[in-house]
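1. Attaching a predicted model along with its sequence, questions to come.
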Amino acid sequence: MLQEAWWKRGIIYEIYARSFQDSNDDGIGDLNGIRERLDYLTWLGVDAVWISPIFPSPMADFGYDISNYCDIDPVFGTLTDFDALLQEAHRRGLKIILDYVPNHTSDEHPWFAESRSSRNNAKRHWYIWRDGKPGGLPPNNWVSQFAGSAWTFDPDTNQYYLHSFLSKQPDLNWRNREVREAMFQVLRFWLDRGVDGFRVDVAWLLIKDAALRDNPLNPDFRATQPAINRYLSLYNADQPEIHDLIAQMRAVLDAYSDRILIGEIYLPFSRLVTYYGQNLMGAHLPFNFALIHVAWRAQEIATLIMDYEKALPPGGWPNWVLGNHDQPRVAARVGAAQARNAAMLLLTLRGTPTMYYGDELGLARVSVPPEFAKDPWAKNEPGIGVSRDPCRTPFQWTGAANAGFTTGRPWLPLDPDYRTQNVECLQHDRHSLPGLYHRLIEIRKRHRALSIGDARVISADDDVLIYERSHGSEKLVIALNFAPESRRLSAPQLTASSMVLSTSMDREEMASDLKLRGNEGAIFVLSPQGRSGAGA
Ligand code: NOJ
């Protein structure tokens, strides 16, 4: 039987490196910490780990400001530690995906130091420098994603440089061939070491309008929104030239076997799917963040699934993301009761699922008192709720001090609930949320209909979303109740005995009345081989 590529059948798990496991008591997670915890990931059943940036960095944006692409920041360890992690992960069949941050470097990167040193420096055009407008104004009206102008004036050479994020994150000039070559060498450096792929940071922002035209005002902007929303990103994002660039990155990966390119892209489906590239030679997986933004209701999610499926190019492999280090956690968005349905949804949809560390423990919005605040975006725009700290807090391993994350002082506070909400307490309780994730992953792996099969939405009436997954003669149906009250299932093909899993993990059969309880989801196996392979 032909095996689908690992990144199609597999499950990706994002680790925010600073918060997974500290091994040297400095209060910050590190590579040896991750290596010590691989058993847990194997137990959970995920196939690939994407690790947030671990490269030398002044940490103005916690690693997304890189001062050397080809080394490890001492806070995370050394290249030797990285190699040991990679080797140990591979020994267990786990893939390692690194974060690739091509849009900008740190202002402390030697390339930028050279670039800013004089207008005639050989690296001047590695970054985007422009004269200001008369009256001491920046070259155009672009706004940084973290508020304020996207331009900073450098008095030494009397020009402005562009930074889509902090002024400590100058944008590279991807129109420059030397930049492209240097950055492709970075990919090769890690591919040669054996990494299995990359998640490309802000892939849709990489290249800008050649004339750097002003963006138009956003007519729907409200003062309560982040400043970046004041203008429509017409000229600083999603430019036509981006696709050729991504195809070039992909070509670098394709010189190696079985590596994967994932793009971080926040765009509507119609634009997102263009990132699969011509003849699918772009990103293998342009991240689909729609579940993060959707109104959590049966009808909306049904529409989303159908719109996405319709938008996909022929052969383009879908993917779904429930959370990441920039977004409120899923349990904070949908509530604890629906978090179980969210798990079932993510792990039964068609397409590669990406989980975010700690979502499987039910971590929600962890309160971070102002004196502990870290996120530079929230410091620039206080009071409008953009802080990403509450979704980046340390993982909760045990009920011991600091949840076993560190014996030092954790860089962000933990949720006080860690004394009970931790891996040690929950892992072997099959009714727990991690227990449910573990079971769902097991079932997804056992059924090709779930891992690689087709998908069809059946209905989304009366708060219940019902869809089918099928592969050959195998057929499964998933029904999720988005209401807090019970709902009768009205799908003729379902029978009480075909149920194999409820999100509450406390029943293995449905009563003959075919009712889902409030907030309950269930999987039914309708194929001839039936429950034999799936029993709870
Ligand atoms: C997207 C990353 O996910 C986010 O954490 C970071 O702040 C920006 N890109 C800038 O690199």
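-> Everything's here; your move. Keep in mind it's a predicted model, so treat the numbers as computed, not measured.

2. From the ligand, how far out is residue 345?
-> Separation of residue 345 from the ligand (Cβ to the nearest ligand atom, to the nearest Å) stands at 23 Å. All C-beta atoms are positioned from the backbone trio N, CA, C, and that covers glycine.

3. nearest spatial neighbour of that residue, skipping sequence neighbours?
-> Leaving out its chain neighbours, the residue that sits closest to residue 345 by Cβ to Cβ, 6 or more residues apart in numbering is residue 480, at 6.2 Å.

4. For the helix or strand containing the one you found, list the C-alpha coordinates in CSV.
-> Per DSSP states H and E, residue 480 falls inside strand 474-481. Taking C-alpha atoms only, strand 474-481 is exported to CSV below (Å, rounded to 0.1, in the frame of the first residue of the first chain):
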residue,chain,number,x,y,z
GLU,A,474,-13.9,2.8,5.4
LYS,A,475,-16.3,5.4,6.5
LEU,A,476,-16.4,7.4,9.7
VAL,A,477,-18.9,10.1,10.8
ILE,A,478,-18.1,12.8,13.3
ALA,A,479,-20.9,14.8,15.1
LEU,A,480,-20.1,17.8,17.3
ASN,A,481,-22.7,19.5,19.5
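
5. what packs against that strand?
-> Judged by 3 or more Cβ pairs under 8 Å, 6 or more residues apart in numbering; DSSP states H and E, strand 474-481 is in contact with helix 336-346, helix 448-451, strand 464-471, strand 515-516, strand 521-525.

6. Spit out the contact partners of the spatially closest residue to residue 363 that is not a sequence neighbour.
-> Spatial nearest neighbour of residue 363, excluding adjacent residues (Cβ to Cβ, 6+ apart): residue 329 at 5.7 Å. Applying Cβ atoms under 8 Å, 6 or more residues apart in numbering to residue 329 gives the contacts 323, 356, 358, 359, 363, 364, 365, 390, 391.

7. per-residue confidence at the last one?
-> Translated: residue 391. Here the pLDDT value assigned to residue 391 is 98.

8. repeat for the second one
-> Per-residue confidence at residue 356 stands at 98 (pLDDT).

9. how close does the nearest residue to it once chain neighbours are set aside sit to the ligand?
-> The spatial neighbour of residue 356 that comes closest, neighbours along the chain excluded (Cβ to Cβ, 6+ apart), is residue 323 at 3.7 Å. From residue 323 over to the ligand the distance is 12 Å, taken as Cβ to the nearest ligand atom.

10. Residue ranges in the stretch 201-350 of the chain under the pLDDT threshold?
-> Applying pLDDT under 70 to the stretch 201-350 of the chain flags no residue at all.

11. Distance from the strand or helix carrying residue 188 to the middle of the chain?
-> Using DSSP H and E, residue 188 sits in helix 177-193. Remark: helix 177-193 is offset 23 Å from the chain centroid, using Cα atoms, centre = their mean, to the nearest Å.

12. Same check on stretch 222-240?
-> The answer for stretch 222-240 is 21 Å, by Cα atoms, centre = their mean.

13. cool, and stretch 201-217?
-> The chain centroid and the centroid of stretch 201-217 are separated by 22 Å, computed with Cα atoms, centre = their mean.

14. Repeat that for stretch 207-224.
-> Chain-centre distance of stretch 207-224: 25 Å, with Cα atoms, centre = their mean.

15. For it, buried residues please.
-> Neighbour counts over stretch 207-224 (16 or more other Cβ atoms under 10 Å) mark 207, 208, 209, 215 as buried.

16. Nearest residue to the third one in space, please, no chain neighbours.
-> What sits nearest to residue 209 in space, not counting adjacent residues and going by Cβ to Cβ, 6+ apart, is residue 235, at 3.7 Å.

17. Run a quick neighbour tally on that neighbour.
-> 20 (other Cβ atoms under 10 Å).

18. re earlier: which strands and helices sit next to the helix holding residue 188?
-> Secondary-structure packing of helix 177-193 (3+ Cβ pairs under 8 Å, 6+ apart): helix 79-91, strand 95-100, helix 242-254.

19. want to throw the ones you listed into TSV with mean neighbour count and distance to the ligand?
-> Conversion of those to TSV gives the following (neighbours: other Cβ atoms under 10 Å; distance: least, Cβ to the nearest ligand atom, whole Å):
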stretch	mean neighbour count	distance to the ligand
helix 79-91	16	20
strand 95-100	23	8
helix 242-254	18	16
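
20. out of the ones you listed, which comes closest to residue 289?
-> If you check each of these against residue 289 by Cβ to Cβ, strand 95-100 wins as the nearest, at 16.1 Å.

21. can you give me how far the helix or strand where residue 7 lies is from the chain middle?
-> Using DSSP H and E, residue 7 sits within helix 6-9. Remark: helix 6-9 is offset 16 Å from the chain centroid, using Cα atoms, centre = their mean.

22. got the buried residues for that helix?
-> Buried, per 16+ other Cβ under 10 Å, within helix 6-9: 6, 7, 8, 9.

23. circling back: would CSV of the buried residues of stretch 207-224 with secondary structure be doable?
-> CSV is the format used below for the buried residues of stretch 207-224 (DSSP: H, G, I helix; E, B strand; the rest coil):
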residue, secondary structure
207, coil
208, coil
209, coil
215, coil
